[in-house]
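# take this sequence and fold it.
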Amino acid sequence: MSAALRVGGLTPLTSLDYPDHLACVVFTQGCPLRCGYCHNPHLLDQQAAAEAPSWNQVLDFLQRRQQLLEAVVFSGGEPTQQAALVDAVAQVRALGFQVALHTAGLYPQRLSILLPHLSWVGLDIKATPERYPIICGRPRVAAQVVNSLEQLLIWERPFEVRLTLHPKDYTLAQVGDLLDWLSHYPIPHLVLQIARGGSCLRPEYQQITTPFSTAELNQLIQDSAHHWPRLSLRT
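Purely as a prediction, here's the structure:
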C-alpha cells in the first residue's frame, strides 16, 4: 500500500486560490526551496506537525462537502514533491471535485503525470535562471522550472504564472529583467505578487523597509503592455 499524502494544513473555504471557484486548500508538507520571504516555514520539513490533519481526515471533510465546494486546491510546501499526490488527486476527482495545483515547477516529470487530471495550475516562478540560487537557496532547479512552464504552454487548460517580489530580492530593474526573460514564452496570464513581511523564513525579510510602491509597479506594467497584455498586480 502506497504512503498517504503528508498534509500540513487545510483551509476549508476560499474563492481566491482557484480563480472564480469555491474551493478548499490542502497544504502539503515539505518543500526543497528556502525562499527568504516564505510565509509557510512550518511546511518546509518533510514531517507534518502532530496537530496537522491526516489525509484520511481530509477525505472525510471532502465527503461532507460534496455539492458544496467546486474544487480542491493542492498547495504547499511543494505538492509535487510527494509521489502520493498522484493518488490523492485521483481520490479527490472520484469525489466529484475539480482539482487545482499551486507549484513551483520543481518536479516536471510528476507534473506531466498530473496535468491530465488537473483543471487549473498556478506556477510560481521565482527568478531568472541565474538568480534561482540567490532567491531560493538551491542550485540547479531553474531547468526543471522551465520544463514545467513548457509543459503548461502546450496544456489545453487555463493556468497562470505568478512572480512573488520582495524588495530584498529585487530592484525594479531586476523585475524588468525577469519580465524580459519571460517574454520569450507565450504565457497567457502573468501576475505580480508583493511579498509580505511578518513571519518569514529568514528574519531579515520580516521587516520591509523599502517597499515597492503600487505606482511604480503599475508603471512597470504599463511599460510592459506590448509584451504582456494580461499582466496584473495582486496585492
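# when you work out contacts or count neighbours from here on, use the C-alpha atoms and nothing else.
Fine.
# now the helices for this protein?
With helices called from DSSP state H, the chain shows them at 55-64, 85-94, 108-114, 132-136, 142-153, 172-182, 214-223.
# neighbours of the closest residue to Leu5 other than its chain neighbours, how many?
What sits nearest to Leu5 in space, not counting adjacent residues and going by CA to CA, 6 or more residues apart in numbering, is Ala84, at 5.1 Å. Ala84 is flanked by 15 other residues according to other CA atoms under 10 Å.
# would you list the phi and psi of Ala84?
phi -70, psi -10 (degrees, to the nearest 10).
# with mean pLDDT, mean neighbour count and distance to Ala48 added, can I get the helices of the chain in a markdown table?
Shown next, in a markdown table, are the helices of the chain (pLDDT from 0 to 100; neighbours: other CA atoms under 10 Å; distance: least, CA to CA, whole Å):
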| stretch | mean pLDDT | mean neighbour count | distance to Ala48 |
| --- | --- | --- | --- |
| helix 55-64 | 97 | 14 | 11 |
| helix 85-94 | 98 | 16 | 15 |
| helix 108-114 | 98 | 17 | 22 |
| helix 132-136 | 95 | 18 | 22 |
| helix 142-153 | 97 | 18 | 25 |
| helix 172-182 | 92 | 16 | 34 |
| helix 214-223 | 86 | 14 | 37 |
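# would you reformat the ones you listed as a markdown table and include distance to Gly77?
Formatted as a markdown table, those follow (distance: least, CA to CA, whole Å):
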| stretch | distance to Gly77 |
| --- | --- |
| helix 55-64 | 15 |
| helix 85-94 | 12 |
| helix 108-114 | 15 |
| helix 132-136 | 13 |
| helix 142-153 | 16 |
| helix 172-182 | 23 |
| helix 214-223 | 27 |
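# residues in contact with Asp177?
By CA atoms under 8 Å, 6 or more residues apart in numbering, the residues touching Asp177 are Thr128.
# now the one 4 residues further on
When contacts are counted by CA under 8 Å, 6+ apart, Trp181 touches Thr128.
# repeat the analysis, applying 10 Å as the threshold.
Going by CA atoms under 10 Å, 6 or more residues apart in numbering, Trp181 touches Ala127, Thr128, Pro129, Val175.
# the helices of the chain: which one's closest to Phe74?
Among these, helix 85-94 comes nearest to Phe74, with 8.7 Å by CA to CA.
# distance between the closest one and the chain's centre?
Chain-centre distance of helix 85-94: 19 Å, with CA atoms, centre = their mean, to the nearest Å.
# which residues are contacting it?
Helix 85-94 is touched from outside by 2-6, 28, 55, 58-59, 62-63, 71-74, 79-80, 97-101, 110-111, 113-114, 117-118, with contacts defined as CA under 10 Å, 6+ apart.
# so which of the helices of the chain gets nearest Pro19?
Of all those, helix 142-153 sits nearest to Pro19, with 17.2 Å by CA to CA.
# hmm, back to that, closest one of the contacts of Trp181 to Ile194?
Val175 (11.6 Å).
# outside of stretch 205-219, which residues touch it?
By CA under 10 Å, 6+ apart, the residues outside stretch 205-219 that reach it are 35-39, 165-172, 175, 192, 194-200, 220-225, 231-233, 235.
# nice, that's everything, thank you.
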